[in-house]
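**Student:** Fold the following and give me the result.
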Amino acid sequence: MIEEKMANNSTLENVFSHRTGHNSSQPSPFTVIRENPLKTYLLGIIISICGNFLISISLNIQKYAHMRQSQLCSSKPYYTSVLWWSGVVLMGVGELGNFAAYGFAPATLIAPLGCVSVIASAVISVVFLKETLRASDIVGGALAVMGTYLLVTFAPHTSTHITAHLVQRYAVSWNFLIYLFLEVIMFSILLYLYKRRNIKHITIVMLLVALLASLTVISVKAVSGMITESIKGHLQLTYPIFYVMVVVMVASCAFQIKFLNQAMKMFDATEVVPINFVFFTASAITAGIVFYQEFHGLALLNILMFLFGCLLSFIGVFLIARDRPKIKTQDKTFIAMGKIPGRKSKDKVQPEANSNTYGSLAAKLMCNKPGPQDDS
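**Tutor:** Coordinates of the predicted model:
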């Protein structure tokens, strides 16, 4: 009888909240989640997948813009291309979708779904950019899809209702303070090795990015969740913790991009992309577990299957990103004046295309090259 009364009360609450638009006197902060948690959960998944798909499209558009500029031998900067800017806009929309998804689904699920971007990017590059379809792409894509299915199936299906009071309580909890203390120590040691000892190893740089990413995930979910609550009618933007999280989000994103760009300059993209995905996902899952306690009450089987899905996604991304073909650019012949004795100029000059000397150096080298007919 007690269970039936509770069910009836829940049904009446749902009907009343739908008809009144949540205008009751004292609405519970968990009302929306208890109404239909699966609906909110699926909404976060769909937004995240669509956002990652847009990111993959934007990356291929920017790649095509670079390829076309290289083929046309254009001297204009790439940022003057309308096509390139359209890719940037699409990437912004995709990242905005990922940002919004954190307000509806657990961070431990949204972060691993980044493998959708890798899968879609590989498919688009094969179909539209005519890149070679390799066996590793097929195997990696299949593993990543299987991993994504396991992630969606066995991830926590309830997301905590993010409010300012809840974020404040989580921020001063002992488990997060210990986690933050250990993270600061580890970050300081890695930064010392990277800057002072000049150890430029890809693992060190990617760990710096991952440690910053954990703070990014915590702050992004907090900001996104509080904005979502404010849109639903429960204003959260008047609390100082909201602006603290905004500052943490912006600062961590800025330094994360800085170290990631340095890694892209020092190492090949086929190394940076899969390692960054693995480290970022592991860091985001850890942050979700420690700060938001998203694995609380989850069955052991669900946890093991979720981690197995992460492993399949990691392997799939490694196979897809391994030895990806690079953009082929046409070499431009130039003369480095700084290397000519007696010249002080450091500029790289090239003869005019309409002059008689244009291409004469390359032609002379080709003519003087011994061939099979130079027997005399």
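**Student:** Isn't residue 129 up against residue 67?
**Tutor:** Yes - with contacts counted by C-beta atoms under 8 Å, residue 129 reaches residue 67, the gap being 7.5 Å. In short, each C-beta sits where N, CA and C put it, glycine included.
**Student:** Which residue, other than its chain neighbours, is closest to residue 305?
**Tutor:** residue 154 (4.1 Å; C-beta to C-beta, 6 or more residues apart in numbering).
**Student:** In contact with the one you found, which residues?
**Tutor:** By C-beta atoms under 8 Å, 6 or more residues apart in numbering, residue 154 lies in contact with 301, 302, 303, 305, 306, 309.
**Student:** mind showing which ranges of the stretch 1-150 of the chain have poor pLDDT?
**Tutor:** Applying pLDDT under 70 to the stretch 1-150 of the chain flags residues 1-37.
**Student:** Could I get the full set of helices for it?
**Tutor:** 2-20, 31-35, 37-71, 82-101, 107-110, 115-127, 135-154 (DSSP state H, counting those that start in this stretch).
**Student:** quick one: contacts for the nearest residue to residue 162 once chain neighbours are set aside?
**Tutor:** Take residue 162 and drop its neighbours on the chain: the residue closest to it by C-beta to C-beta, 6+ apart is residue 225, 2.5 Å away. Residue 225 makes contact with 102, 103, 160, 161, 162, 163, 167 under the criterion C-beta under 8 Å, 6+ apart.
**Student:** Most neighbours among those, which one is it?
**Tutor:** Among the contacts of residue 225, residue 102 has the most neighbours (other C-beta atoms under 10 Å), with 29 neighbours.
**Student:** what's the spacing between that one and residue 168?
**Tutor:** Distance, residue 102 to residue 168, by C-beta to C-beta, to the nearest Å: 18 Å.
**Student:** quick revisit: need the worst-confidence member of the contacts of residue 225.
**Tutor:** Among the contacts of residue 225, residue 160 carries the weakest pLDDT, at 72.
**Student:** Next up, phi/psi of the residue nearest to it when sequence neighbours are not counted, please.
**Tutor:** Among residues not flanking residue 160 along the chain, residue 292 sits closest, at 5.7 Å (C-beta to C-beta, 6+ apart). Main-chain dihedrals, residue 292, degrees, to the nearest 10: phi -90, psi 0.
**Student:** got a list of what residue 298 touches?
**Tutor:** By C-beta under 8 Å, 6+ apart, the contact set of residue 298 is residue 156.
**Student:** Which residues does stretch 46-63 contact?
**Tutor:** 83-84, 86-91, 93-98, 100-101, 104-105, 109-110, 113-114, 116-121, 124-125, 128-129, 327.
**Student:** For it, buried residues please.
**Tutor:** Neighbour counts over stretch 46-63 (16 or more other C-beta atoms under 10 Å) mark 47-63 as buried.
**Student:** what about the residue nearest to residue 160, distance to residue 43?
**Tutor:** Taking C-beta to C-beta, one finds residue 292 at 18 Å from residue 43.
**Student:** out of those two, which sits in the more crowded spot?
**Tutor:** residue 292 (25 against 16).
**Student:** What distance do you get for residue 52 to residue 220?
**Tutor:** Separation of residue 52 from residue 220 (C-beta to C-beta) stands at 15 Å.
**Student:** Likewise for residue 157?
**Tutor:** Taking C-beta to C-beta as the measure, residue 157 falls 21 Å from residue 220.
**Student:** Same check on residue 214?
**Tutor:** 11 Å.
**Student:** OK, contacts around residue 64?
**Tutor:** Neighbour list for residue 64: 83, 128, 129 [criterion: C-beta under 8 Å, 6+ apart].
**Student:** An error on my part: the question was meant for residue 206.
**Tutor:** 263, 272, 275, 276, 279.
**Student:** Touching, the second one and residue 263? I think so.
**Tutor:** By that I understand residue 272. Yes - counting by C-beta under 8 Å, residue 272 does reach residue 263; the two are 5.1 Å apart.
**Student:** residues shared between the contacts of the two?
**Tutor:** Common neighbours of residue 272 and residue 263 (C-beta under 8 Å, 6+ apart) are 202, 206.
**Student:** sorry, back to before: how close does the residue nearest to residue 162 get to residue 45?
**Tutor:** In this view, residue 225 and residue 45 are 16 Å apart by C-beta to C-beta.
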